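Asks: here is a sequence together with a model predicted from it:
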Amino acid sequence: MSARRTEALIAAIAADARPVKPLAPPLRRSLATLGLLALAGGLAILLFADIKGLLARYSGREEMMMPEMAAMLATGLLAVTGAFFLAIPGRSRRWLWAPLPPLIAWIGLSGMGCWRDLAREGAAGWALGESADCLVFILAASVAIGAPLVWRLSRARPIEPLRVALLAGLGTAALAAFLLQFFHPFTVTFLDLGVHFAAVSIVIGAMALANRRLLAR
């Protein structure tokens, strides 16, 4: 290709080029997104939550209430923040493991609570309870939380969308499970807990399967 044709090609490309606005740093984008989700979740809790039921459920074991809910919230926050960082090329892949410690704490504390209830209530501790409602709540809340999150993440056009989708799915499901606690006035049994984590797995799996369609369009 001659120098003249090369210059003409460059000029044609430049004529159609539009300025690209750089994205804000991932931490800032994460905090902005989480802030909007917090406002929406806080409004839902204020209008519809059963706070008295929540306090009654944890009556007598308040020492586990705060760590358990804090572990859920920390899992969601770290997973969402990690997704924003991994959406940018060159960021540390250690973000993929950042939510693991609070996730383990969440599972452990929830299991301990179920074990205590089983020891106290006997066979009733294996009851299925209102698990179907919990499943529907987590899935519905995950759609409401995940839609704006995916839109924000997709703007970065991540090169490795699967890792981003896994963290986004975990963060979405963890925040939905945290929100569920304010609308969940009855004691969680082992079967209920299993359904909760099945719902979390469904959300993560759906995000992972649709990773390119959702994030790398």
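Replies: Received the coordinates, thanks.
Asks: flag the shaky bits of the protein, pLDDT-wise.
Replies: Screening the chain residue by residue with the criterion pLDDT under 70, one finds the ranges 1-4, 6-20, 59-62, 113-130, 185-190, 216-217.
Asks: please redo it, this time with the cut-off set to 80
Replies: Along the chain, segments meeting pLDDT under 80 span 1-23, 50-65, 111-132, 184-194, 216-217.
Asks: quick one, helices of it?
Replies: Secondary structure of the chain by DSSP state H: the helices cover 3-16, 26-48, 51-57, 62-86, 100-121, 131-154, 161-180, 190-209, 211-215.
Asks: and those as TSV, adding mean neighbour count and distance to Arg94?
Replies: In this view, the C-beta of every residue, glycine as well, is placed from N, C-alpha and C. Rendered in TSV, the data for the helices of the chain read as follows (neighbours: other C-beta atoms under 10 Å; distance: least, C-beta to C-beta, whole Å):
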stretch	mean neighbour count	distance to Arg94
helix 3-16	9	38
helix 26-48	14	14
helix 51-57	14	35
helix 62-86	21	9
helix 100-121	16	10
helix 131-154	18	18
helix 161-180	26	12
helix 190-209	18	19
helix 211-215	18	20
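Asks: adding distance to Ser92, write the ones you listed out as JSON lines.
Replies: Written out in JSON lines, the entries for those read as follows (distance: least, C-beta to C-beta, whole Å):
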{"stretch": "helix 3-16", "distance to Ser92": "34"}
{"stretch": "helix 26-48", "distance to Ser92": "11"}
{"stretch": "helix 51-57", "distance to Ser92": "37"}
{"stretch": "helix 62-86", "distance to Ser92": "7"}
{"stretch": "helix 100-121", "distance to Ser92": "15"}
{"stretch": "helix 131-154", "distance to Ser92": "17"}
{"stretch": "helix 161-180", "distance to Ser92": "12"}
{"stretch": "helix 190-209", "distance to Ser92": "21"}
{"stretch": "helix 211-215", "distance to Ser92": "19"}
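Asks: ok, the closest residue to Leu135 other than its chain neighbours to Val150 distance?
Replies: Counting by C-beta to C-beta, 6 or more residues apart in numbering, Leu135 lies nearest to Ala199, which is 4.9 Å off, once chain neighbours are set aside. Ala199 sits at a distance of 18 Å from Val150 (criterion: C-beta to C-beta, to the nearest Å).
Asks: same question, Gly53
Replies: Here Gly53 is placed at a distance of 32 Å from Val150 (C-beta to C-beta).
Asks: what's the answer for Met69, then?
Replies: Remark: distance between Met69 and Val150 (C-beta to C-beta) = 25 Å.
Asks: next one: Leu193
Replies: For Leu193 relative to Val150 (C-beta to C-beta), the value is 27 Å.
Asks: please consider this matter closed, and thank you.
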